[in-house]
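J.: Take this sequence and fold it.
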Amino acid sequence: MSFRDELTADKVEALSVRDAIAVDGHTVVRAAVALMRSHGLGCAVIVDLHCRPVGIFTERSVIQMLAEGVCLDTTPVSEFCDLNFHVASTLDPIAKVWDAITHSGARFVCVTDKTGQLIGLTGQRGLSEYLCETYSQEVTVQRLGSTPWMLQREGA
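T.: Presented below is the predicted three-dimensional model:
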């Protein structure tokens, strides 16, 4: 079975999913940013009344707003949300997340249940963890800040 076949056979439910920050479109930017900071996430998912994702508000959105001099206390997140966000159901193949990251440069993918309601977020981190677990023999993990193994001297 090829790598692509395995990504197509395995489902998104096999990926780790982080809790998402769900806000409605009327939430002011400062409140959304405060939630993002307190949860250590780089985005907030804008949801409708049925908790279905309709947009995503990211750190890039904040940077754009600051560059334009927009008031963070009165502007709702819906004015600067990204409508080109990615959504995958738990029953979709992992290949859908892979494609969103590799072809579109997505950092976050909203994960929904079979009714379309937001469950959480996955993305680069979830996919990396999956690859390390699934292909543990093929993946070498190096601690950040340590000397790469190929530069370490052997012997006395």
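J.: Next, the contact list for the most centrally placed residue in the chain, please.
T.: The residue lying closest to the centre of the chain (CA atoms, centre = their mean) is residue 108, at 2.0 Å. The contact partners of residue 108, by CB atoms under 8 Å, 6 or more residues apart in numbering, come to 42, 43, 56, 58, 85, 86, 121, 122, 123. For every residue, glycine as well, the C-beta is placed using N, CA and C.
J.: change it to 6 Å
T.: 43, 121, 123 (CB atoms under 6 Å, 6 or more residues apart in numbering).
J.: and of those residues, the nearest to residue 132?
T.: Nearest to residue 132 out of the contacts of residue 108 is residue 123 (CB to CB; 14.9 Å).
J.: Show me what the closest one is bridged to.
T.: Counting by DSSP bridges, residue 123 is bridged to residue 108.
J.: Distance of it relative to residue 105?
T.: 11 Å (CB to CB, to the nearest Å).
J.: Looking at these two, which is more packed in?
T.: The residue with more neighbours, out of residue 123 and residue 105, is residue 123; 23 against 7, by other CB atoms under 10 Å.
J.: That one and residue 69, how far apart?
T.: According to CB to CB, residue 123 and residue 69 sit 30 Å apart.
J.: got the residue ranges for the helices in this structure?
T.: Applying DSSP state H to the chain gives helices spanning 3-9, 29-39, 59-68, 94-104, 124-134.
J.: need the ones you listed in TSV with distance to residue 20, mean neighbour count and mean pLDDT, can you?
T.: Formatted as TSV, the helices of the chain follow (distance: least, CB to CB, whole Å; neighbours: other CB atoms under 10 Å; pLDDT from 0 to 100):
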stretch	distance to residue 20	mean neighbour count	mean pLDDT
helix 3-9	23	13	89
helix 29-39	9	15	96
helix 59-68	15	14	92
helix 94-104	15	17	94
helix 124-134	12	16	89
